[in-house]
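Student: What shape does this take:
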Amino acid sequence: MWLFALFLAVPLIEIGLFIKVGGWLTLWPTLGIVLATGVLGTFLVHRQGRQVLADLRGAMATVGNPLSPLAHGALVLFAGALLLTPGFFTDTIGLLLLIPAVRHVVIAQLAARVRVGSAGFGHGAARQGDVIDGEFIDVEAEERTRPGTSGWTRH
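Tutor: Below you'll find the predicted structure:
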């Protein structure tokens, strides 16, 4: 229900802002501002995106936690979509999301609402005393015992 309200409210806010700003500045300056924020937004998103990619590479190179750079990257991508959407309200939200301090606050708020669980894979998946039963086939040993195989080729 809140998503429907959002899809209804944002265009209404944008229309109201276009009417107000267009009444103050007239048509061409209003369109010029919308076009300029789109161009400026594209430049800023490109620059911020490169920084986020560098942070992600650094986290991966040091075997660090890549969640923070990924979250920042997602918000920069979202900011870019908002900046490319014509309108003053979406441009304001998009520009705010390009400020790293604002992204930190948004990520902290989202992290407080999200619970991360384990699917049972990775480090700590099996507790001490747990038994994991499985079967395996030694393919190389099976190929050596199979008649007619020379061992020179693998399939």
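Student: all helices in the chain, in order from the N-terminus.
Tutor: Taking DSSP state H, the helices of the chain run over residues 2-25, 27-61, 67-84, 88-97, 100-113, 139-145.
Student: Compare the mean pLDDT across those and name the weakest.
Tutor: Within these, confidence is poorest for helix 139-145, with a mean of 65 (mean pLDDT).
Student: which ones are touching the spatially closest residue to Asp91 that is not a sequence neighbour?
Tutor: Leaving aside its chain neighbours, Asp91 sits nearest to Thr37 (4.4 Å; criterion: Cβ to Cβ, 6 or more residues apart in numbering). Every residue, glycine included, has its C-beta placed from N, CA and C. Thr37 makes contact with 83, 91, 95 under the criterion Cβ atoms under 8 Å, 6 or more residues apart in numbering.
Student: Compute the distance between the last one and Val139, please.
Tutor: Separation of Leu95 from Val139 (Cβ to Cβ, to the nearest Å) stands at 57 Å.
Student: Comparing the two, which shows the higher neighbour count?
Tutor: Applying other Cβ atoms under 10 Å to Leu95 and Val139 shows that Leu95 carries more neighbours, namely 17 against 9.
Student: wouldn't that one be in contact with Ala79 here?
Tutor: Yes - if you go by Cβ atoms under 8 Å, Leu95 and Ala79 touch, sitting 7.5 Å apart.
Student: anything in contact with each of those two?
Tutor: Going by Cβ under 8 Å, 6+ apart, residues that sit against Leu95 and also against Ala79 are Gly41.
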